[in-house]
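Colleague: Return atomic coordinates for the entry below.
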Amino acid sequence: QLNLDKTAYRKLTSVKWNKKVQGLHELAELQLFVPDVKMLELTNSRNRVLRMEARAAYIQLSKNEPFKFFNSIREPMLEWEQLYLFEVITKTRNLVIPSFSRWLNYSSNPWIIIFCLKLIEHYNQFNTVPSVMKLLDHADPKVRAAAINALGKLEATEAEDKLAAMYIDQPVFCQVEILKAFGRIRSNRQLPFLQEEFLRSQDYEIRKNAARSIIEHGNQAKEMIADL
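Modeller: Presented below is the predicted three-dimensional model:
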């Protein structure tokens, strides 16, 4: 009776981007239907704030494929954008969560791949480990680092040999992620590797993370810790 729905729809057709943002907020709060075509158009707006709000609203309102816009994102996703979208995804009730490995396999946007890896970690999608392991050969070192981080948090013991073999050819920030992963997996198999890096390296970050990962092994590394 207050015509709140009509007011929100009218804002969505405004020429002003901030009015559209207001309309999106209101439609999402009221859980009102918006055609997917219209929403998808806004998720690719040239205005960064508008497209972020449209993506958030699309996740909350779409009844079919709430993550469909992942297919069309071409630009980088900044950290604050990822944080905002992550919060919307994890706090939206009754949201059907897909296997995010589909974007690991098919997306050409490294930012989408990295964001999906964070979601895989959060939702403990252990069945995606084979797809995550394929990213260890990705051309972009940032993607490799994110994949290594995810494998560690998923405690993927099957990835240990590959991580150890690739270690020497990686940039330092990827090497640090490998050391962290061994500390999270804690299989005991990589303790000699961690000890060697702690003793060999002159890089502070390498030594610090090798030491931390040894300590993460707890009683398994008790004698090694005492010796070191």
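Colleague: C-alpha only now, for contacts and for neighbours.
Modeller: Fine.
Colleague: need the helices for this structure, in chain order.
Modeller: 4-12, 17-30, 36-43, 48-61, 79-91, 101-106, 110-122, 129-134, 141-153, 160-166, 172-185, 191-200, 204-216, 222-227 (DSSP state H).
Colleague: Mind giving me the packing neighbours of the fourth one?
Modeller: In this case it means helix 48-61. Counting contacts by 3 or more Cα pairs under 8 Å, 6 or more residues apart in numbering; DSSP states H and E, helix 48-61 is packed against helix 17-30, helix 36-43, helix 79-91.
Colleague: what's residue 16 sitting at in phi/psi?
Modeller: Residue 16 has phi and psi values of phi -90, psi 130 when expressed as degrees, to the nearest 10.
Colleague: Determine the number of other residues adjacent to it.
Modeller: 10 (other Cα atoms under 10 Å).
Colleague: how close does it get to residue 131?
Modeller: 42 Å (Cα to Cα, to the nearest Å).
Colleague: Over to residue 146?
Modeller: Counting by Cα to Cα - residue 146 and residue 131 are separated by 13 Å.
Colleague: Those two: who's more crowded?
Modeller: residue 146 (22 against 16).
Colleague: so who does the residue nearest to the more buried one when sequence neighbours are not counted touch?
Modeller: In space, and not counting its chain neighbours, residue 146 is closest to residue 114: 6.1 Å by Cα to Cα, 6 or more residues apart in numbering. By Cα atoms under 8 Å, 6 or more residues apart in numbering, residue 114 lies in contact with 143, 146-147.
Colleague: Before we move on, what's the pLDDT of residue 114?
Modeller: Note for residue 114: predicted pLDDT of 97.
Colleague: Name the nearest residue to residue 115, ignoring sequence neighbours.
Modeller: residue 82 is the one closest to residue 115 (Cα to Cα, 6+ apart), at 6.8 Å.
Colleague: quick one: the one you found and residue 145, what's the gap?
Modeller: 17 Å.
Colleague: of the two, who's got more company?
Modeller: residue 145 (23 against 18).
Colleague: Show the contacting residues for that one.
Modeller: 173-174, 177.
Colleague: which one is residue 187 nearest to, not counting chain neighbours?
Modeller: The nearest residue in space to residue 187 (Cα to Cα, 6+ apart) is residue 157, at 7.0 Å.
Colleague: what do you get for residue 120?
Modeller: residue 100 (6.4 Å).
Colleague: Then residue 62?
Modeller: Closest to residue 62 by Cα to Cα, 6+ apart is residue 36, at 6.9 Å.
Colleague: and that neighbour, how many neighbours does it have?
Modeller: Neighbours around residue 36, by other Cα under 10 Å: 17.
Colleague: State the distance from it to residue 189.
Modeller: 50 Å.
Colleague: same question, residue 37
Modeller: From residue 37 to residue 189 the distance is 52 Å (Cα to Cα).
Colleague: out of those two, which sits in the more crowded spot?
Modeller: residue 189 (13 against 8).
Colleague: pretty sure residue 124 is touching residue 155, no?
Modeller: No - Residue 124 lies out of contact with residue 155 (Cα atoms under 8 Å); the separation is 10.1 Å.
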